[in-house]
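Novice: Okay, predicted coordinates and the sequence, questions at the end:
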Amino acid sequence: MFVVDTNVLVHAAVHESEYHAHCRELVSGWRRGDMPWFITWSVAYEFVRVVSHPKVFRSPVSGPDAWSYIRTLLETPGVGVLVHTERHAEIARDVWNEHPELRGSDVHDLHIAILMREHGVRRLFTRDKGFGRFAFVESIDPLSVEV
């Protein structure tokens, strides 16, 4: 059981990414596999924001096409979305107390980490080294995994 961060999905979906082939193969393998894996709604929306942004990619995709990619992922039997539970506020308070220095752009990653703790998911596939600050998250660089 694991979570996939935005950057892995972006690399998998965007042909002009230097990591496209590797990440595409990883995501395809996960989709064919039987192990449950997750994204968050914030990952889904950030994916759409990044792949449709004309200042990020020479050939950005439309919002509807980007959302179609997310819909296809969500139709995969093993994929789920981590959502807030009734314990969310308490867990968020605990994680904020453990990391009072976090602010600004770090809040997006903090939200993912809080949802992971809330659902008991430890493993995260990401190229973002910032997740290493969370002792309860096992951050895995997808490029270190063979396909």
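Specialist: Good, I have the coordinates.

Novice: Is the residue lying farthest from the centre of the chain in a helix, a strand, or coil?
Specialist: Within the chain, Asn97 marks the point farthest from the mean C-alpha position, 23.3 Å out by C-alpha atoms, centre = their mean. Following DSSP: H, G, I helix; E, B strand; the rest coil, Asn97 is assigned to helix.

Novice: distance of it from Arg117?
Specialist: When distance is defined by C-beta to C-beta, to the nearest Å, Asn97 is 13 Å away from Arg117. In short, each C-beta sits where N, CA and C put it, glycine included.

Novice: before we move on, what about Trp67?
Specialist: Taking C-beta to C-beta, one finds Trp67 at 28 Å from Arg117.

Novice: Could you do His20 as well?
Specialist: From His20 to Arg117 the distance is 31 Å (C-beta to C-beta).

Novice: what's the answer for Ala21, then?
Specialist: In terms of C-beta to C-beta, Ala21 sits 33 Å off from Arg117.

Novice: Those two: which has the busier surroundings?
Specialist: Between Ala21 and Arg117, counted using other C-beta atoms under 10 Å, the more crowded position is Arg117 (18 against 13).

Novice: pretty sure that one is touching Ile91, no?
Specialist: Yes - using C-beta atoms under 8 Å, Arg117 is in contact with Ile91, at 5.6 Å.

Novice: which non-adjacent residue is nearest Val43?
Specialist: Thr6 (4.9 Å; C-beta to C-beta, 6 or more residues apart in numbering).

Novice: Would you list the phi and psi of the one you found?
Specialist: Note on Thr6: backbone dihedrals following degrees, to the nearest 10 are phi -50, psi -50.

Novice: Quick one: residues contacting it.
Specialist: 43, 46-47, 50 (C-beta atoms under 8 Å, 6 or more residues apart in numbering).
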